[in-house]
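Engineer: The sequence and its predicted three-dimensional model are supplied below.
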Amino acid sequence: MSVVLDFERPIAELQKRLEALEKQIAAHPKPELEAERGVVVADLERTRRDVYRDLSPWQKVQVARHALRPQTLDYAKAIFTEFTEFHGDRAYADDGAIVGGPARLNGRVVMLVGHQRGKGTKDSVSRNFGQPHPEGYRKALRLFRQAEKFGMPLVTLLDTPAASAGLADEERGQAWALAENIAAMAELQVPILTVIIGQGGSGGALALGVADRLLMLEHAIFSVAPPEAAANILWKDSKLAPEAAAALRLTAQDLVDLEVIDRIIPEPPGGAHADQAGAAEALREALVEELGSLEATPMDRLLSQRYAKYRRIGTFYE
Amino acid sequence: MSVVLDFERPIAELQKRLEALEKQIAAHPKPELEAERGVVVADLERTRRDVYRDLSPWQKVQVARHALRPQTLDYAKAIFTEFTEFHGDRAYADDGAIVGGPARLNGRVVMLVGHQRGKGTKDSVSRNFGQPHPEGYRKALRLFRQAEKFGMPLVTLLDTPAASAGLADEERGQAWALAENIAAMAELQVPILTVIIGQGGSGGALALGVADRLLMLEHAIFSVAPPEAAANILWKDSKLAPEAAAALRLTAQDLVDLEVIDRIIPEPPGGAHADQAGAAEALREALVEELGSLEATPMDRLLSQRYAKYRRIGTFYE
Amino acid sequence: MRSFFRRAVPGDSGSAPGGTAIPDDMWVRCPRCRELTYAREWESSFKVCAKCGYNAPLSAQERIALLLDEGSFHELDAGMRSGDPLRFAPAGRPSYHDKLAQWTADSGLSEACIYGRGRVDGIPTVFSMLDMSFFAGTMGSVVGEKIARACELARDERRPLIICSASGGARQQEGSIALLQMAKTAAAVRSLGRARVPYISVLTDPTLAGVTASFAALGDCVIAEPGAVVGFAGPRLIEQATGEKLPPSADTAEFQLEHGMVDMVVLRRDLRAVVAGLLRLFLDTAAIRSSRPLSDGLLQVPEDEPVSAPVVAG
Amino acid sequence: MRSFFRRAVPGDSGSAPGGTAIPDDMWVRCPRCRELTYAREWESSFKVCAKCGYNAPLSAQERIALLLDEGSFHELDAGMRSGDPLRFAPAGRPSYHDKLAQWTADSGLSEACIYGRGRVDGIPTVFSMLDMSFFAGTMGSVVGEKIARACELARDERRPLIICSASGGARQQEGSIALLQMAKTAAAVRSLGRARVPYISVLTDPTLAGVTASFAALGDCVIAEPGAVVGFAGPRLIEQATGEKLPPSADTAEFQLEHGMVDMVVLRRDLRAVVAGLLRLFLDTAAIRSSRPLSDGLLQVPEDEPVSAPVVAG
Ligand SMILES: [Zn+2]
Ligand SMILES: [Zn+2]
């Protein structure tokens, strides 16, 4: 499976040339071909770097939504060991749009909870494309409480376009489920480390994302609403999503400036989807480092710092 | 509305005679009629007392199920002041089979929670005849937690044939809801005072009935299963319910002997349905007295006494 | 019927200058069913439509008159105004700065939220409300900050908190800063809760999205006004997203009562009595009597002096 | 395939004396689908039907062999026997006393529950299980007492607790005494929980009514065996009560997984590894490392000595 985004065409073409060259070399090795390959490889690397250095916000949205971009379960496998998925909210259903369970990170036991968009049609549909229903948040809350009971630091990975918005979600209290999670995370008695790995969309992201440290992959986005929805609210035209994406300042770089996130985790050139192992390794390093510093902080101080962190967000005059 | 149980016929006949006599006296007062009335009144009182002193277990089952027997909302009105009903489990529905909210008892604020069977067809159907669904227990649990937050002693009134047993109840986790409530009551940090006012049937009763003090109205019943269900389990014949009722020792008198309940609250002659105000007054006095003694006990001690109370129930040899 | 509002009522009902009686021949059209009602009747029924039962939005002074003791409300931080954290000014579109100015001009308000001390039936409270007439009641930095301050004031002075919500949700023009007000306000509500001070949340038409999904859902008692649209997505957005036509009951106060999300739906004419009754119950509990975990009693706090301002950014 | 069970297996599979191989020509009929399987194959697959996947009930020794390290299980209070709190002897019906004697004779067991210390992959645990072959696994005084003791032993020695449930619910012949075992066991589980010692609940076919609705539902992790009937009322009772025919999936382990009640459905051949893995995770957490709130470490407890018996009634 290969998905090429519009702005990735130059990269794709160089990749194609490289593949052709390598086929030729394999058949008839020639020094000129070898030399040409060196040029193409360098060109490819440079093009990748250039394209990905200057992504527009709307391009970042597309990267964040990339079908091949690693998801929570990919990282669970690549970064964590002994991840053991727990299911269900103990009241209504098991929502596949949120996955979670205990796992080890660098030998330490943590509770891992994250959104899962799904892969391929069937899996994605069963996970509602990563848009949780109320029972998904309630499963997460149950796992938060279990983390608290056993003193497992909580690691959450955010990757959702938004909370689900159907009549059934209203019937089962979407707003109430979100509020309960957000409030519970604010006072949860374990360190909380959150990474936005893809789309961090609206309350559906925040319900897993009230944290001591909020990290973000380089090409992930974090936004009050999906750009299409924001464009619709702002200008009654969801086709203006690219403009909304720019105006909302949803990139990691903007969010560092706004002091919303604490750290950007660099992705490999070409984005996490081009080098899943590289992305995982970068994420792993950041998680291990941050977790170490959180675990070294007394819980009382973490809690008051967490309160203060959210308490001071906002810009106003008086 | 008048409902006469089989064994109440002698009472009903005397009542009829008394009414007829009083009509005669009203039309043509005569000393002989007055004298006869005195005899009938005395007879009625004696018959009432006699019939209700020697009720069989099966007769008690019928009294406990009496359509006119007062329910939680009757007592809420008669005994408590400022009862303010709170609704809903914040997740799925508001279950009318359980009602609850803060109220005052003798001036003190308590949290009142109880089963409500309903009155008349429509109300009873909407309350599933007092058989709660999982969301009913979850509403109760929410109110327990609120009681704990604000330090309101918890008063629960039990009046349910049993927990509901349909496929929908399984889908929403009936067993899990019951277990959570039972466990939560065992460690709830407020005094808990429970009265079985009608049918205390199975886990559906226990989910509101893990208490520091367990009281019982004189003609209420408390049972591992409704007698019909028990007869079915024991002898594959639900028509043997009267025998099961006797064998299960579900009367207040038996349960005092078994040390399951702490106190019997006497009902007026003829049962609570014959004198609702009298029943309410007896209940009120018992509640006020017991609550006073619970409130005088430090919470730590209450909790360890509550644990010990349930810990020692059981008969075995080793 | 007595005249309910103490002061003149601005807005769609046709305002009359302060103290002057509303002329007998003025009419008001119900925003929901379009029925015409005498302005005087409309006011005396607290803007509840006699035909369809709609509870029309109340201005701050109307809501205060409905709920609080006369003259008891003292607003705090009235002059707080929003910054422009994103420097939101996309080419060819109205900037946030201009939008704020426009809403201020149109509504006469400086923001979508007020808060302060006030009394309900003599009981000292902290009162706050959101106002749809400024920026559709959306939550940005100012709303979030005022709600957080209201919670902390209530906590520190051990006064019960009452918030009447009405909001379209988070304010898009503040982007993730608006989104994070959900965490800020929810955390502040829990801080109040740990102090065991009661919080009554009143949901009015409409209360949606990021406001419901943060402080508004978290009341110790959640009251909704009859017919109010209350929920997360709201019927309009759901219909847009799914293409389905929803029943008119969807996401109403009554729907949320049936589905277990609100404790009660209360008629406007009963609201003050119900709230006062709840406060009396909550305040006479062991947690409050013993002032756990704080040590100063509830009823011995200074009445109407301003508190020292909390540390703020921006 | 290696021979799985260490000892002879009594019951419907045709027992062979200890140490003797099961003859090649013996057959077992699957209780669910009636398919015939070679006895040897049936045993080596841990009594899982190759055709329908049914996980047939295991005896205590089979379950222990499946889950615990060989020779590591030391039962406690093996001789505990039920009293007859109700003096249950209705005229013309079998008395509880006689029933108990009958079940003991038929099953060779003294009650429906065992518990004791044991190891899983070297990890010291408290292990308990219910056995359908005595009184349909119903919970009376003895089951309740043993579960409570298991919880308290696990709590006091800070060993994780594993309970494999299988039960028709509360034992009718003990009436409300049986009902109240739900409170007794649930309270004991919470006492264990307050000590932050992990508890893994394994639901096997069938786990119903008062057992599910007390200690069995309350595991930190709830595992169910494939196809096991698990729930409150159970399909048979629901069909009786409603007259409706239920889908065959109703109240199965998979149904409960879909509806969010169990964490995982685990194949019998994976059970030991999954449980051991969970224990290693739970035990290596801060709560356990720091031994909050108790002070003695988890791995420094005495191994197989009996504990002093708790105070009991009866
Ligand atoms: Zn109208
Ligand atoms: Zn089979």
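Structural biologist: Nice, I can see it. Ligands and ions are numbered 1, 2, ... in the order given.

Engineer: Near chain C, which residues of the stretch 101-250 of chain A are found?
Structural biologist: Contact residues, the stretch 101-250 of chain A versus chain C (Cβ under 8 Å from any Cβ of the partner chain): A:163, A:165-167, A:169-176, A:178-180, A:182-183, A:185-187, A:202-203, A:206, A:210, A:222-225, A:230, A:232-235, A:243-244, A:246-250. (Glycine included, C-beta is placed from N, CA and C.)

Engineer: Now with 7 Å, please.
Structural biologist: Counting by Cβ under 7 Å from any Cβ of the partner chain, the stretch 101-250 of chain A comes close to chain C at A:163, A:165-167, A:169-171, A:173-176, A:178-179, A:182-183, A:186-187, A:202-203, A:206, A:210, A:222-225, A:230, A:233-235, A:243, A:246-250.

Engineer: Could you list which of the residues you listed belong to strands?
Structural biologist: Members of these lying in strands (criterion: DSSP state E): A:Phe222, A:Ser223.

Engineer: The residues of the stretch 101-250 of chain A next to chain C in helices, which ones?
Structural biologist: With DSSP state H as the criterion, helices contain A:167, A:169-171, A:174-176, A:178-179, A:182-183, A:186-187, A:202-203, A:206, A:230, A:233-235, A:243, A:246-247 from among those.

Engineer: are any of those residues buried, and which?
Structural biologist: Taking 16 or more other Cβ atoms under 10 Å in any protein chain shown as the criterion, what is buried in these is A:167, A:169-171, A:174-176, A:178-179, A:182-183, A:186-187, A:202-203, A:206, A:230, A:233-235, A:243, A:246-247.

Engineer: so which of those also contact chain B?
Structural biologist: A:Trp176.

Engineer: so what's whichever residue of chain A sits closest to ligand 2 up against?
Structural biologist: In chain A, the residue that lies nearest ligand 2 is A:His87 (25.7 Å; Cβ to the ion). Residues in contact with A:His87 (Cβ atoms under 7 Å, 6 or more residues apart in numbering or on different chains) are A:Asp94, D:Leu257, D:Gly260, D:Asp263, D:Met264.

Engineer: What is the most widely separated pair among those residues?
Structural biologist: D:Gly260 and D:Met264 (12.1 Å; Cβ to Cβ).

Engineer: Those two: who's more crowded?
Structural biologist: D:Gly260 (25 against 19; other Cβ atoms under 10 Å in any protein chain shown).

Engineer: which stretches of the stretch 1-150 of chain C form helices?
Structural biologist: For the stretch 1-150 of chain C, applying DSSP state H, counting those that start in this stretch gives helices covering C:39-44, C:60-67, C:96-107, C:141-157.

Engineer: so which of those helices gets nearest A:Glu259?
Structural biologist: helix C:141-157 (13.1 Å).

Engineer: Any part of that closest one near chain B?
Structural biologist: No. For a cut-off given as Cβ under 7 Å from any Cβ, helix C:141-157 has no contacts with chain B; the smallest distance is 14.0 Å.

Engineer: Output the contacting helices and strands for the helix or strand that that helix is followed by.
Structural biologist: Sequence order places strand C:161-167 as the next helix or strand after helix C:141-157, per DSSP states H and E. Counting by 3 or more Cβ pairs under 7 Å, 6 or more residues apart in numbering or on different chains; DSSP states H and E, the packing neighbours recorded for strand C:161-167 are strand C:123-130, helix C:141-157, strand C:199-207.

Engineer: Spatially central residue for chain A, please.
Structural biologist: A:Ile197 (1.6 Å; Cα atoms, centre = their mean).

Engineer: Need the helices and strands packed on strand C:161-167 in TSV (columns: mean neighbour count).
Structural biologist: Shown next, in TSV, are the helices and strands packed on strand C:161-167 (neighbours: other Cβ atoms under 10 Å in any protein chain shown):
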stretch	mean neighbour count
strand C:123-130	25
helix C:141-157	27
strand C:199-207	26
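
Engineer: Nearest to B:Met111 among those would be which one?
Structural biologist: Nearest of the helices and strands packed on strand C:161-167 (Cβ to Cβ): strand C:199-207, 16.5 Å.

Engineer: got the angle between the closest one and strand C:123-130?
Structural biologist: 30 degrees (axes from the mean of the first three to the mean of the last three Cα atoms, to 10 degrees).

Engineer: pLDDT on strand C:199-207, on average?
Structural biologist: Mean per-residue pLDDT for strand C:199-207: 98.

Engineer: neighbours of residue 252, just the number please.
Structural biologist: Because you didn't say which chain, this covers chain A. 25.

Engineer: ah, no, chain C please
Structural biologist: 22.

Engineer: Run through the bridge partners of it.
Structural biologist: Listed by DSSP bridges, the beta-bridge partners for C:Thr252 are C:Val229.

Engineer: Who are the contact partners of it?
Structural biologist: Counting by Cβ under 7 Å, 6+ apart, C:Thr252 has contacts C:Gly227, C:Ala228, C:Val229, C:Val230.

Engineer: ok, so of those residues, who is nearest chain D?
Structural biologist: C:Val230 (25.9 Å; Cβ to the nearest Cβ).

Engineer: Pull up the gap between that closest one and A:Ala78, please.
Structural biologist: Separation of C:Val230 from A:Ala78 (Cβ to Cβ, to the nearest Å): 43 Å.

Engineer: Who has more neighbours out of those two?
Structural biologist: Remark: of C:Val230 and A:Ala78, C:Val230 carries more neighbours, 32 against 15, as counted by other Cβ under 10 Å.

Engineer: contacting residues for C:Asp69?
Structural biologist: Neighbouring residues of C:Asp69 by Cβ under 7 Å, 6+ apart: C:Arg119, C:Val120, C:Asp121, C:Gly122.

Engineer: The same query, at a cut-off of 8 Å, please.
Structural biologist: C:Gly118, C:Arg119, C:Val120, C:Asp121, C:Gly122 (Cβ atoms under 8 Å, 6 or more residues apart in numbering or on different chains).

Engineer: What's the separation between it and B:Tyr317?
Structural biologist: C:Asp69 is 69 Å from B:Tyr317, by Cβ to Cβ.

Engineer: ok, now C:Ala101?
Structural biologist: Taken as Cβ to Cβ, the span from C:Ala101 to B:Tyr317 is 85 Å.

Engineer: what do you get for A:Tyr307?
Structural biologist: 56 Å.

Engineer: Same check on A:Ala12?
Structural biologist: For A:Ala12, the distance to B:Tyr317 - Cβ to Cβ - is 80 Å.
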